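Asker: Structure for this input, please:
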Amino acid sequence: MSTQWIVTILGGGSFGTALANICAGNGHETRLWVRDPLLAQEINTEQVNARYLPDLKLSPSLVATSDLEAALKDAHLVFLAIPSKGFAQVLSQARPFLHAEQVLVSTTKGFEADGFKLMSQVLHEQTGYTHLGVLSGPNLATELAQQQLTATVIASADPYTRSCVQAVLSNRYFRVYANTDIYGVELGGALKNIYAIAAGMAAAMGMGENTRSMLMTRALAEMSRFAVSLGANPMTFLGLAGVGDLIVTCSSPLSRNYRVGQALGEGRSLDTIIHELGQVAEGVKTVGLVKQKADELGIYMPLVQSLYLVLFEGKSPSEVALSMMGNEQSTDVEFVLPKEEVRKSAENITRTNNGER
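Answerer: Next up, the predicted model:
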């Protein structure tokens, strides 16, 4: 495998910028594509992306451009760090400059609303390439920019893709682990944004550590239940892309989704929060999409249902939190004790108490 790669990152947000800086710092020829020519010029002249990571001094070898063709010319590895809303559009624009030998990797943690598609599915539909993957994990861009010890997961059915990404990104502070469960890794990254909003709300409402622990573990159960119904492996959720990403996103004010939840818990309106945030919080969109899909598939997701009431139907966080405590008490880990067994046992006790045989 070549020791130097030509790497392109499509998307100059906080994570795309941090990722590009890692690639350049590892000695690879790195291009960062951004929509705004003025931002590209600023990055090239000032070596800083003041809009998203103002405190990060970028590698002098990193080149920014707003020209898609120039960004993708001869690239071996392409990361797509585009918000889910614009992912398919940017990929479509890039398609004339891509070829089947390239490795394409999504870092986007969200869903395509049209057809409820994961980004890996969008990649496959638009390209049909073999070397496709997703990158996900507990990767707060600000900490990555500070070179704090961090780990991530590259998921792909293709061994070449996994090895390529590990070779390009791994360094003394960034470890890259491999997985073949592309849907599980991708769903973990997308779904945890929902529960980060709930965690931020709980923090703003003064709820304690017991509550936060309950929230995160029930979130993990809900995530895995939903993901398995879409073909994921439940064991994936014990790893970095599952519980790892969930913990960091539900614990840190550096998470945009957590900050949305905090502001909601303080009584501010969603429109005001989104305007002040200035960046995409994928979890808001994801709540609506997942709620609709869960209803369609008949999947029990009380946390998603409750957040939907707060975000889109004007219910107060405190009102919804209290109502949730009256929900059905069921199994702790469904893959150990199935939910149906708990329900049948409860029904038997009820019949016995009513004098039935």
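
Asker: Just the residues contacting stretch 219-227, thanks.
Answerer: For stretch 219-227, the surrounding residues in contact (C-beta atoms under 8 Å, 6 or more residues apart in numbering) are 183-184, 187-188, 191-192, 194-195, 198, 232, 234, 236-237, 242-243, 246, 250, 290, 293-294, 299-304, 332-335. All C-beta atoms are positioned from the backbone trio N, CA, C, and that covers glycine.

Asker: As a check, name the ranges of all strands in the stretch 51-200 of the chain.
Answerer: Counting by DSSP state E, counting those that start in this stretch, the stretch 51-200 of the chain has strands at residues 63-65, 77-80, 103-106, 111-112, 117-118, 132-136, 150-155, 174-179.

Asker: Reformat these as JSON lines; add mean pLDDT, distance to Ala20 and mean neighbour count.
Answerer: Output for the strands of the stretch 51-200 of the chain, formatted as JSON lines (pLDDT from 0 to 100; distance: least, C-beta to C-beta, whole Å; neighbours: other C-beta atoms under 10 Å):
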{"stretch": "strand 63-65", "mean pLDDT": "98", "distance to Ala20": "8", "mean neighbour count": "22"}
{"stretch": "strand 77-80", "mean pLDDT": "98", "distance to Ala20": "8", "mean neighbour count": "25"}
{"stretch": "strand 103-106", "mean pLDDT": "98", "distance to Ala20": "13", "mean neighbour count": "28"}
{"stretch": "strand 111-112", "mean pLDDT": "92", "distance to Ala20": "24", "mean neighbour count": "22"}
{"stretch": "strand 117-118", "mean pLDDT": "94", "distance to Ala20": "23", "mean neighbour count": "20"}
{"stretch": "strand 132-136", "mean pLDDT": "98", "distance to Ala20": "13", "mean neighbour count": "27"}
{"stretch": "strand 150-155", "mean pLDDT": "98", "distance to Ala20": "15", "mean neighbour count": "24"}
{"stretch": "strand 174-179", "mean pLDDT": "98", "distance to Ala20": "13", "mean neighbour count": "18"}
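
Asker: Serialize those to JSON lines and add fields for distance to Ala94.
Answerer: Listed next are the strands of the stretch 51-200 of the chain as JSON lines, based on distance: least, C-beta to C-beta, whole Å:
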{"stretch": "strand 63-65", "distance to Ala94": "13"}
{"stretch": "strand 77-80", "distance to Ala94": "8"}
{"stretch": "strand 103-106", "distance to Ala94": "9"}
{"stretch": "strand 111-112", "distance to Ala94": "16"}
{"stretch": "strand 117-118", "distance to Ala94": "17"}
{"stretch": "strand 132-136", "distance to Ala94": "14"}
{"stretch": "strand 150-155", "distance to Ala94": "20"}
{"stretch": "strand 174-179", "distance to Ala94": "24"}
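
Asker: Leu215: which of those is closest?
Answerer: Each of the strands of the stretch 51-200 of the chain has some distance to Leu215 by C-beta to C-beta; the shortest is strand 132-136, at 21.0 Å.

Asker: Which elements pack onto the closest one?
Answerer: For strand 132-136, the elements it packs on are strand 103-106, helix 119-127, strand 150-155, helix 159-169, helix 182-204, judged by 3 or more C-beta pairs under 8 Å, 6 or more residues apart in numbering; DSSP states H and E.

Asker: I'd like to know which of the ones you listed has the weakest mean confidence.
Answerer: If you rank these by mean pLDDT, helix 182-204 sits at the bottom with a mean of 93.

Asker: give me the low-pLDDT residue ranges for the stretch 251-357 of the chain?
Answerer: By pLDDT under 70, the low-scoring segments of the stretch 251-357 of the chain are 278-280, 322-357.

Asker: where exactly do the helices run in it?
Answerer: Residue ranges of the helices in the stretch 251-357 of the chain, as given by DSSP state H, counting those that start in this stretch, are 256-265, 270-277, 282-297, 302-312, 317-324, 339-353.

Asker: could you redo these as JSON lines and give each row distance to Tyr129?
Answerer: Listed next are the helices of the stretch 251-357 of the chain as JSON lines, based on distance: least, C-beta to C-beta, whole Å:
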{"stretch": "helix 256-265", "distance to Tyr129": "31"}
{"stretch": "helix 270-277", "distance to Tyr129": "34"}
{"stretch": "helix 282-297", "distance to Tyr129": "25"}
{"stretch": "helix 302-312", "distance to Tyr129": "33"}
{"stretch": "helix 317-324", "distance to Tyr129": "43"}
{"stretch": "helix 339-353", "distance to Tyr129": "39"}
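
Asker: in the sheet, who's paired with Tyr177?
Answerer: Counting by DSSP bridges, Tyr177 forms beta bridges with Val153.

Asker: dump the residue contacts of it.
Answerer: Residues near Tyr177 by C-beta under 8 Å, 6+ apart: 137, 151-154, 239-240.

Asker: hmm, which two among the residues you listed are most spread apart?
Answerer: Checked with C-beta to C-beta, the contacts of Tyr177 reach their widest spread between Ile154 and Gly239, with 12.2 Å between them.
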